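>>> structure for the following, please:
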Amino acid sequence: MTAVIGLLTAGLTLGSADAATPTAGTVSDTSTSATWSGGPFVAPNATGNALGTPDCSVPQSCDDFTLHVATPAGYGTTHTLNIKVAWTNAAADFDVYVLDRDGNVVGTSASSADPEQVGLPPDSGDYTVRVVPYAPLGSSYSATATLATVPANPAPGTDTPPSFADYAAPSSFKDANNAGEPSIGTNFSTGATMYQAYLSTFKASFDDSVTPAKATWSDVSASAANGCPQGSTASLDPILFTDHQTGRTFESQLSGVDSLTCYTDDDGTTWSPSTGGGIPSGVDHQTIGGGPFSSGGLGAVSPTGYKNAVYYCSQDIATAFCAASHTGGATFEAGVPTYSLLDCGGLHGHIKVAPDGTAYLPNKGCGDSQAAVVSQDNGLSWNVSKVPGATPGDSDPSIGVGANGTVYFGYVGADGKPGMAVSRDRGKTWTDRQTVGTSLGIQNAVFPTVVAGDDDRASIAYLGTPTGGNYQDNANFHGVWHLYVDTTYDGGKSWVTSDATPGDPVQVGSICTGGTTCGDDRNLLDFIDVTVDSHGRITAGFADGCINACVTDPNHSGRDAYATIARQSAGKPLFAKYDPAVTNATLSSLGVAAAKSGSVSATMLVKNTGTTTLTGVATQVLDGTKAVGVVTTASLAPGTSKTLSVTWKAARGTHAVTSTVDPANKIAESNEGDNKLQKSVSVK
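Residues are numbered from 1 along each chain as shown. Below is the predicted model of the structure:
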């Protein structure tokens, strides 16, 4: 179920709600937990689907608990307020809304997760926790409010964050400004980047001989004229996938119980029809992905000669189905249930396939966690792997898989902040879970999407804002959203954050992630996408909701969904072999010693910390302001070092000895600040 919350504005007071048991409680820094319960409930209350806010006027249609929070100043820097509502019948469903004393919604959890969880700043005040029996089935609920210590987050990485250039599709394209929830993929053989939104497929080619790269766009949408009329048929959801290895691109249009799918092997010049997906299939949120066959399960032999597996997955309210194709996506096997309502609720994200053939389907609500649903036998069976600490949220999670199988799980949790976790054993265990975006103060995020390159490199892209609060409050939320990209170069131990749209907001105000009856703030729909090109450049496809006058208007009025690509323009990519050349000499250490004879010796360790060989590297030594020696190193390979020494006679007294690598600045270095060291020595 996707409960609609996009119209939440100044309260949820359509009638009065019943009282929970007990009716009120307090949490404080000295008494950190409160519990209550309610029910049993028989009648469902799904009025939020039609009204955007639940109607509580009928008895037993809502349950209210008054929560008093008392915390000292600064408590929120290390603590959070967690509200959890659970029930025993897995088929039932309750929703949770948290209101401040003025009736404004400050937090909500209206998914199909069990338990529902809300994470909020632990600010002192009086709150109403409203529990709504969306589909109670005679169940009761139990609830807790807890003040919890926030786990310490690792420090951000020390690498320079990558930078990006942004490219908007030509305005003449049919769906240029109808590009909500886009998909993106890159053909490694041709370099073409394919962008899908609604019924349109665009191709962008980049000329990297100029800086910034120049983009050439073309509309290559599937149609009857180029071989696949299904591509121009009205759709409930669009999706695109490009197999990097084979260059085959799929575009799929959801038709209700299956999909109308086309594929191309020439970047959209011609298209071929597919059967769409497997039967049975779901009615919502389809995804297509692919990669190598696993050594387990049904054999990898394809009668068409296509070397990789292709998967079609879709969600069917109470379960989700995935079907594998052994014919390159032309036809599909029967759909296989991946999880049931007893395992997971919520909509799944997009399927990713590892180099060893393991398939991963992320889900935003599997009990009290988000999860990866994993198949190691080419889709014949699936297992749910929960990510501990990744609390259910409103946005679909995403997975990226590195070259040696390291899995990167990106999500937005119940606190609205973006997070990452890593698995190195196909989802059996998860490590290095942390919040990202901290260096730029991100307080709310939506639409996380992940891509990996080398095994120790990955990126998560998302829309984020440093403004806290209820980001779905159309009337009162005024945050400015940008496209952010966090990147790791050390296997997920640390991350660096880039603002990929620094001069152009992607949205100003609220973003609704609550369903089809949202207001005008659902213009971006449900997700964005990210991929990588053959040189490891991070390439994100998103819909720009603030264009033209909206950018310069102080009120930032306007709601658009313009097809846009953010492409990495500088910095280290996700493939190390394409790292930009770095020229840098470093004076790693300086030792100075004086002998009784008045002789002074300076010993220097000079290291090449760049990626290019250095020649003719001079190292100078000064005694005060007097040059006492220069040593030249003929050649120094990347990563190597050399110990140098200079000896001279000095008068009695204290001497300031300075050593400098490349004192004349003949080498253009990436870091000129690590060339000089100074020590004092006393000559007796």
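>>> helices along the stretch 501-650 of the chain, start to end?
For the stretch 501-650 of the chain, helices defined by DSSP state H, counting those that start in this stretch occupy the ranges 549-552.
>>> low-confidence regions, it specifically.
516-517 (pLDDT under 70).
>>> cutoff 90 now
Applying pLDDT under 90 to the stretch 501-650 of the chain flags the ranges 503, 513-520, 551-558, 596-598.
>>> please apply the same query to the stretch 301-450 of the chain.
For the stretch 301-450 of the chain, the ranges with pLDDT under 90 are 301-305, 315-319, 340-343, 345-347.
>>> what are the boundaries of the strands in it?
Ranges of strands within the stretch 301-450 of the chain are 309-315, 319-325, 336-340, 345-348, 352-353, 359-366, 369-375, 383-387, 398-401, 407-412, 418-423, 431-435, 444-452, based on DSSP state E, counting those that start in this stretch.
>>> any chance of the ones you listed in CSV, with distance to Ser124 and mean neighbour count too?
No exception for glycine: its C-beta is placed from N, CA and C like everyone else's. As requested, the strands of the stretch 301-450 of the chain are exported to CSV (distance: least, CB to CB, whole Å; neighbours: other CB atoms under 10 Å):
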stretch, distance to Ser124, mean neighbour count
strand 309-315, 40, 29
strand 319-325, 42, 25
strand 336-340, 40, 19
strand 345-348, 32, 25
strand 352-353, 43, 26
strand 359-366, 30, 27
strand 369-375, 30, 27
strand 383-387, 32, 20
strand 398-401, 36, 26
strand 407-412, 26, 29
strand 418-423, 26, 25
strand 431-435, 24, 18
strand 444-452, 21, 27
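>>> for these, which one sits closest to Thr158?
With respect to Thr158, and counting by CB to CB, the nearest of those is strand 431-435 at 15.5 Å.
>>> just checking the distance from the closest one to the centre of its chain.
13 Å (CA atoms, centre = their mean, to the nearest Å).
>>> same question for stretch 462-482.
Going by CA atoms, centre = their mean, where stretch 462-482 is centred and where its chain is centred differ by 17 Å.
>>> now stretch 460-477
Centroid separation between stretch 460-477 and its chain, computed with CA atoms, centre = their mean, is 15 Å.
>>> could you list the buried residues of it?
Buried residues in stretch 460-477, defined by neighbour count with 16 or more other CB atoms under 10 Å: 460-465, 467-474, 477.
>>> and if you look at stretch 323-335?
Per 16+ other CB under 10 Å, stretch 323-335 contains these buried residues: 323-333, 335.
>>> quick one on the thing from earlier: output the strands of the stretch 301-450 of the chain in JSON lines; the columns should cover distance to Tyr134.
Formatted as JSON lines, the strands of the stretch 301-450 of the chain follow (distance: least, CB to CB, whole Å):
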{"stretch": "strand 309-315", "distance to Tyr134": "17"}
{"stretch": "strand 319-325", "distance to Tyr134": "18"}
{"stretch": "strand 336-340", "distance to Tyr134": "19"}
{"stretch": "strand 345-348", "distance to Tyr134": "11"}
{"stretch": "strand 352-353", "distance to Tyr134": "31"}
{"stretch": "strand 359-366", "distance to Tyr134": "14"}
{"stretch": "strand 369-375", "distance to Tyr134": "20"}
{"stretch": "strand 383-387", "distance to Tyr134": "23"}
{"stretch": "strand 398-401", "distance to Tyr134": "26"}
{"stretch": "strand 407-412", "distance to Tyr134": "21"}
{"stretch": "strand 418-423", "distance to Tyr134": "26"}
{"stretch": "strand 431-435", "distance to Tyr134": "29"}
{"stretch": "strand 444-452", "distance to Tyr134": "22"}
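>>> might you report the residue contacts of Gly419?
Neighbouring residues of Gly419 by CB atoms under 8 Å, 6 or more residues apart in numbering: 390, 410-413, 433-436.
>>> and those residues, which is closest to Ser183?
The closest of these to Ser183 turns out to be Gly410 (CB to CB; 16.2 Å).
>>> quick check: bridge partners of that closest one?
Assessed by DSSP bridges, Gly410 has beta-bridge partners Ser398, Met420.
>>> now do the same end-to-end measure for stretch 146-153.
Chord length of stretch 146-153, first to last residue, is 20 Å (CA to CA, to the nearest Å).
>>> in that stretch, what's buried?
For stretch 146-153, the neighbour count (16+ other CB under 10 Å) marks 146-147 as buried.
>>> mean confidence score for it?
Mean pLDDT, stretch 146-153: 93.
>>> who touches that stretch?
By CB under 8 Å, 6+ apart, stretch 146-153 touches 27-29, 32-34, 69, 71, 75, 78-84, 122, 389, 434-435, 438.
>>> same thing with stretch 669-678?
Stretch 669-678 is contacted from outside by 582-587, 589-590, 604, 609-610, 656-662, 665, using CB under 8 Å, 6+ apart.
>>> now do the contacts for the closest residue to Ala359 other than its chain neighbours.
Nearest residue to Ala359 in three dimensions, chain neighbours excluded: Ser375, at 4.5 Å (CB to CB, 6 or more residues apart in numbering). Counting by CB under 8 Å, 6+ apart, Ser375 makes contact with 294, 297, 322, 338, 358-359, 361, 381-383.
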